[in-house]
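Novice: Next one to model:
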Amino acid sequence: MATERTLFIVKPDAVERRLIGRILAHVEEQGFRLAEARLTALTREQCQEFYAEHVGKPFFNGLVEFMTSGPVMLTCLEREGAVAKLREVIGATDPAQAAPGTIRKLYAESKGRNSVHASDSPASAEREVKLFFGVAALAR
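Specialist: Numbers count the residues shown, from 1 in each chain. You can find the predicted model right below:
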């Protein structure tokens with residue numbers, strides 16, 4: 001299996017609760033390497049581009065409001081099979097359905113305030129990493 005890069009975001013709810021260190025330690029313990037990272041505030045325009053596939057859905061505006069409500073920790077993580085493994089490590093979107101020991105089971109407050117984002121496919125990972133870190137971040 002080849003080394004992949006994927007986008008991982010610690011969302012505003014988890015940043016506000018000072019969980020960045022615990023969450024990043026959790027992913028590092030699962031074999032991920034932090035390739036790039038920065039604490040930043042997302043703009044409305046960035047969020048609208050990032051969540052473009054959700055435009056027109058009932059939750060879209062609330063999602064953009066939430067993701068621009070405070071700083072986020074943007075990270076580009078890498079390891080073999082990064083995309084699939086990170087999805088496993090974070091758990092289901094709804095923490096009530098997330099497996100024990102997953103990030104969302106441990107730290108999410110609700111389905112809407114679920115602490116983290118992870119790319120859901122290699123194609124999404126490529127698009128998302130490029131969006132926030134540029135083409136150079138895709139290099140191995």
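Novice: next one: the longest helix anywhere in the chain to chain centre, how far?
Specialist: Scanning the chain for the longest helix, with DSSP state H as the assignment, gives helix 122-133. Distance of helix 122-133 from its chain centroid, counting by C-alpha atoms, centre = their mean, to the nearest Å, is 11 Å.
Novice: counting contacts, what elements does it pack onto?
Specialist: strand 3-10, helix 44-50, strand 72-80, helix 82-90 (3 or more C-beta pairs under 8 Å, 6 or more residues apart in numbering; DSSP states H and E). Glycine gets a C-beta too; all of them are placed from N, C-alpha and C.
Novice: Give me the residue at the spatial middle of this structure.
Specialist: Nearest to the mean C-alpha position of the chain, by C-alpha atoms, centre = their mean, lies residue 117 at 2.5 Å.
Novice: ok, the closest residue to that residue other than its chain neighbours - contacts?
Specialist: Spatial nearest neighbour of residue 117, excluding adjacent residues (C-beta to C-beta, 6 or more residues apart in numbering): residue 9 at 4.1 Å. Contact analysis of residue 9 by C-beta atoms under 8 Å, 6 or more residues apart in numbering lists 72, 73, 74, 75, 116, 117, 118.
Novice: any low-confidence regions in this structure?
Specialist: 140 (pLDDT under 70).
Novice: In stretch 25-44, which residues are buried?
Specialist: 26, 27, 32, 35, 36, 37, 42 (16 or more other C-beta atoms under 10 Å).
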